[in-house]
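A.B. asks: what shape does this take:
(chains A, B, C and D)
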Number of protein chains: 4
Amino acid sequence: MTDSVPSFPTSLGMSTTSTISLLGKDLGTELMGQVGFSEMAFWLVTQQRPTPGQVRVFDACLLALADHGFTPTAIAARMTYLSAPDSLQGALAAGLLGGGSRFLGVTEDCGQFLDREIRALETLPESDGDWDALAREIVTRERARKAIIPGLGHPVHKQEDPRTPALVQIAKEEGTYGPHLQLFLAIGRVHPDILGRRLVLNGAGVVGAALADLDLPVELLRGFALLARTAGLLGQIAEERRRPMAMDAYLLIENNAVFVEPENGGSDVRH
Amino acid sequence: MTDSVPSFPTSLGMSTTSTISLLGKDLGTELMGQVGFSEMAFWLVTQQRPTPGQVRVFDACLLALADHGFTPTAIAARMTYLSAPDSLQGALAAGLLGGGSRFLGVTEDCGQFLDREIRALETLPESDGDWDALAREIVTRERARKAIIPGLGHPVHKQEDPRTPALVQIAKEEGTYGPHLQLFLAIGRVHPDILGRRLVLNGAGVVGAALADLDLPVELLRGFALLARTAGLLGQIAEERRRPMAMDAYLLIENNAVFVEPENGGSDVRH
Amino acid sequence: MTDSVPSFPTSLGMSTTSTISLLGKDLGTELMGQVGFSEMAFWLVTQQRPTPGQVRVFDACLLALADHGFTPTAIAARMTYLSAPDSLQGALAAGLLGGGSRFLGVTEDCGQFLDREIRALETLPESDGDWDALAREIVTRERARKAIIPGLGHPVHKQEDPRTPALVQIAKEEGTYGPHLQLFLAIGRVHPDILGRRLVLNGAGVVGAALADLDLPVELLRGFALLARTAGLLGQIAEERRRPMAMDAYLLIENNAVFVEPENGGSDVRH
Amino acid sequence: MTDSVPSFPTSLGMSTTSTISLLGKDLGTELMGQVGFSEMAFWLVTQQRPTPGQVRVFDACLLALADHGFTPTAIAARMTYLSAPDSLQGALAAGLLGGGSRFLGVTEDCGQFLDREIRALETLPESDGDWDALAREIVTRERARKAIIPGLGHPVHKQEDPRTPALVQIAKEEGTYGPHLQLFLAIGRVHPDILGRRLVLNGAGVVGAALADLDLPVELLRGFALLARTAGLLGQIAEERRRPMAMDAYLLIENNAVFVEPENGGSDVRH
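C.D. replies: Numbers count the residues shown, from 1 in each chain, chains lettered A, B, ... in the order given. Sure, this is the predicted structure:
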């Protein structure tokens, strides 16, 4: 048994009998009413208050990822709400647990991919032509190792993902159009020649690039996708309350189940 | 087996080959860059776009609940991140799963409690005196049934919860100071006489009242507490990466574990 | 800051440099190879080692709840595995989060309902006739308050739930057929006269009664349903790997989404 | 919109009005009372009924992983139960979400590591000496690439992990001592010479080897660790109800929180 307790340092929330502070700021007098929610989320993660322009880009990123209709994560949340309507937090958590490598992971993968390339440079390219040369090198190299470039291609939006030009435009307006977006767009320009077909720059990827250009930690980009999705899932659950569909969807699946014999009859003892 | 598929109506996210919309608005041209993230969250739940004043009150509510340091939910998230750093979504979900009846539930309980009282009225009180009379009746009735009034009292902030006056002030400034807040404040004025001691109007409760005054669905108020907490948990996880404490906290607990014999020796067969 | 650390008493797992124990028993020499897994689960919760007969009844209960095909919880787990195949624990957790009031809660609700009735008795009925008289009283009273009796009725098994006679038989064979099962069967006999229609005694309900007759804590019966479901969900995930269906199910739903205008057009500012 | 519904094949749970089956077996007459719970879990995943000997080894593996006292996952579950006691499923899910790469992942990592080596062989070694030669090659190669060999070393059990000899003994008794365990033990014999220090063969690793020798799918070994942990977490939650410690642990941490200024004062606008 130890007889001394370590202290646990933190820069986040602190309370005394009469005060509550976040990041060293008084919650009631310095934050509430003066700081927006997404601004606070940005600040909590980075410990640095973003500029209004950064907040506008950040908000646009969050909107781009908030909801895409009946995705697997939305379905998981609605099924869980159907089964356990007493536990809203469980339905929300179930939805967020789908925020892994496949459906919500592209944002983080793309941001990290671009960031690794940029950190490996001694000096940044200065012209679009220089960015294109770099992008050509990267795409050629990735193709040689048969790797997939995160952020390229979309199952539905085969001509253009409408989020991509929108976000690039906003980042340019706010002065946060930086190396990650520049490299991403260059990849968009050069890859058809190298890969032999044109893939769209998808919305999840462009968000990863834009968030990385905000100097957000690239290891946590998935976290912002999850924050965005939290709002979308609340919308899904609110709609499930107003206009339920989970029971119908579940019955549609269950009623179309067909039994298939287990591979070895299911009953043979092994070996 | 059925041969026809039901359709699944939704007003949320929809995609076509070239468009993405939310709530019938084009994501790229009508929402991104023009709508803030918390504004969108409000809109997704209610299907109605909030006014700037409503957004300011809503943001203040979310800030009030975002983070309170090393709460059980923050500890759960950090412990999970320690065990499974590859799954950020798991750590976040673990933290949100504590958003139940005890620690995050007061917001919803208080909003629903006030809402039930107000819906039972034929006409709303017009003066503070009338609100006080109503509050006196309610507190007396609840005391008689030995029920706890949600939103009263706080383990730490025994004199005043600094979030309460801040949020009331902001709601007044934005014209969203409505019957839920009025009744809550009246309860704050009259209860000491009836209960024989003065309890603070706590921050979680005032947020419930303020959110209900924004006409948000009272059955989903917990959802907004969870949205707020998502930002706080991302801050906790980001800090855990920068300055880890979960391993120390875990070892502090484990090193001070003492074995206690199971009640019946643990080995007796029952009956 | 405190300068002394509380100790944390526990009767569960303990380790020293060379030993690991559970419930005071040496894991390697007294438990592994000698105690079955479900036996251990029972023991961990109750701190009392069950008899072989109790284990057989307990196992039968767990089997009764393990898997029911494409339930909402199975769908949620598969959708989550589809989205985040790197996080098996997330898919499993998502499935378990549906273990709430509606689909998995009947076991706990029924066990608790029966237990409350039995604890309120001064002496237990001795004959089936006496149990029937008690059951008649209870069903009449519940009907008067328009309450639902947990464990009665099933959406699919309208004639008989095959789990019910199977479990009653096993409990009788093992000598664990006690007051909870007796009262449950009596309710099954008397309710048609009182309610005017015959409802089956469903499997989730009979499991609740049987588990309560094993003296398991009725507040934790849901936990055993969740343990059972963990095995079923692993089966679902293993099948999803062998023969995927989640992508098809998701696309079936998404492809049949139809847009409905938000109630107020979605764009009007409120108030 | 599609006008035909795909069918969803499954070999798991199926229901008709009067029957319930699992894996093609009638639940009430062919499974309940005759098949143990862990036996069923094994069968559900592999579609093959295990032998009694395989069940004994499987149970020993599950016991080895069920509970280790106040681990991060146990703490996360207890903290969540403290915050949301109304949602047992949430507390359980929170605990399982820690079953990721670091604390519960060794079982899967070790099983997969050994399996890859064994699958790469054309013929299996026949003597301990041959296994040692193979192990020497593997350890030398891994050391050269500075890779960690899963299953080697333990922070507490520095002399011996008592689960390792116990499980090897049981596997030998039941005839399931196969190539994975053989290679694992050979690694245990040869590594000190190559690495220059002796590390224990830890319990999580030996379980991975033993499960792989049962022909369980190595991609799902983590799932069995999670099943085992489900029982342990139920024990933790039951103990938290009998003898609460989560509130004390939380307050111990919170009371020892110290504020540290954010790195840049927290208020400076970036850039």
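
A.B. asks: for residue A:49, which residues make a bridge with it?
C.D. replies: Beta bridges link residue A:49 to residue D:269, judged by DSSP bridges.

A.B. asks: distance check, it against chain B.
C.D. replies: Using C-beta to the nearest C-beta, to the nearest Å, residue A:49 is found at 13 Å from chain B. C-betas here are computed from N, CA, C, even on glycine.

A.B. asks: which helix runs longest in chain A?
C.D. replies: helix A:221-242 (DSSP state H).

A.B. asks: that helix and chain D in contact?
C.D. replies: No - with C-beta under 8 Å from any C-beta of the partner chain as the criterion, chain D is not reached by helix A:221-242; the gap is at least 13.5 Å.

A.B. asks: after that helix, next one along is what?
C.D. replies: helix A:246-255 (DSSP states H and E).

A.B. asks: now that next one against helix C:246-255, angle please.
C.D. replies: 130 degrees (axes from the mean of the first three to the mean of the last three C-alpha atoms, to 10 degrees).

A.B. asks: residues contacting helix A:246-255, please?
C.D. replies: Under the criterion C-beta atoms under 8 Å, 6 or more residues apart in numbering or on different chains, residues A:75, A:78-79, A:81-82, A:240, B:1-2, B:5-6, B:8, C:69-72, C:75, C:249, C:252-253, D:5, D:8 lie in contact with helix A:246-255.

A.B. asks: can you rerun that using 6 Å?
C.D. replies: Helix A:246-255 is touched from outside by A:78-79, A:82, B:2, B:6, C:70, C:72, C:249, C:253, D:8, with contacts defined as C-beta atoms under 6 Å, 6 or more residues apart in numbering or on different chains.

A.B. asks: and that helix, how far from the chain's centre?
C.D. replies: A distance of 29 Å separates the centroid of the chain from that of helix A:246-255, by C-alpha atoms, centre = their mean, to the nearest Å.

A.B. asks: picking that back up, can you lay out the contacts of helix A:246-255 as JSON lines showing neighbour count and distance to residue B:218?
C.D. replies: Output for the contacts of helix A:246-255, formatted as JSON lines (neighbours: other C-beta atoms under 10 Å in any protein chain shown; distance: C-beta to C-beta, whole Å):
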{"residue": "A:78", "neighbour count": "30", "distance to residue B:218": "21"}
{"residue": "A:79", "neighbour count": "34", "distance to residue B:218": "24"}
{"residue": "A:82", "neighbour count": "25", "distance to residue B:218": "21"}
{"residue": "B:2", "neighbour count": "11", "distance to residue B:218": "37"}
{"residue": "B:6", "neighbour count": "15", "distance to residue B:218": "30"}
{"residue": "C:70", "neighbour count": "25", "distance to residue B:218": "34"}
{"residue": "C:72", "neighbour count": "27", "distance to residue B:218": "25"}
{"residue": "C:249", "neighbour count": "24", "distance to residue B:218": "33"}
{"residue": "C:253", "neighbour count": "27", "distance to residue B:218": "29"}
{"residue": "D:8", "neighbour count": "22", "distance to residue B:218": "38"}
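
A.B. asks: which one of these sits closest to residue C:97?
C.D. replies: Of all those, residue A:79 has the smallest distance to residue C:97: 9.6 Å, by C-beta to C-beta.

A.B. asks: so the closest one touches residue C:75, yeah?
C.D. replies: Yes - between residue A:79 and residue C:75 there is a contact at 5.1 Å, judged by C-beta atoms under 6 Å.

A.B. asks: what touches both of those two?
C.D. replies: By C-beta under 6 Å, 6+ apart, no residue touches both residue A:79 and residue C:75.

A.B. asks: picking that back up, quick check, nearest of the contacts of helix A:246-255 to residue B:176?
C.D. replies: Using C-beta to C-beta, the contacts of helix A:246-255 come closest to residue B:176 at residue A:78, 30.6 Å.

A.B. asks: SS state for the closest one?
C.D. replies: Following DSSP: H, G, I helix; E, B strand; the rest coil, residue A:78 is assigned to helix.

A.B. asks: how about the residues of the stretch 151-271 of chain A by chain C?
C.D. replies: A:249-250, A:253-254, A:257 (C-beta under 6 Å from any C-beta of the partner chain).

A.B. asks: mind listing the strands for chain A?
C.D. replies: A:8-10, A:14-15, A:20-22, A:25-26, A:257-259 (DSSP state E).

A.B. asks: mean pLDDT lowest where, among these?
C.D. replies: With a mean of 90, strand A:14-15 has the lowest mean pLDDT of the strands of chain A.

A.B. asks: where does the stretch 51-200 of chain A get nearest to chain D, residue-wise?
C.D. replies: Proximity of the stretch 51-200 of chain A to chain D (C-beta to the nearest C-beta) peaks at residue A:87, 4.6 Å away.

A.B. asks: what's the burial count for that residue?
C.D. replies: If you count neighbours by other C-beta atoms under 10 Å in any protein chain shown, residue A:87 ends up with 29.

A.B. asks: looking at the residues of the stretch 151-271 of chain A next to chain C, which is nearest chain D?
C.D. replies: residue A:257 (5.0 Å).

A.B. asks: surely the closest one and residue D:9 touch.
C.D. replies: No - the criterion here is C-beta under 6 Å, and residue A:257 misses it with residue D:9 at 7.6 Å.

A.B. asks: residue contacts, the spatially most central residue of chain A?
C.D. replies: For chain A, the residue nearest the mean C-alpha position is residue A:225 (2.6 Å; C-alpha atoms, centre = their mean). Contact analysis of residue A:225 by C-beta under 6 Å, 6+ apart lists A:65, A:104, A:107.
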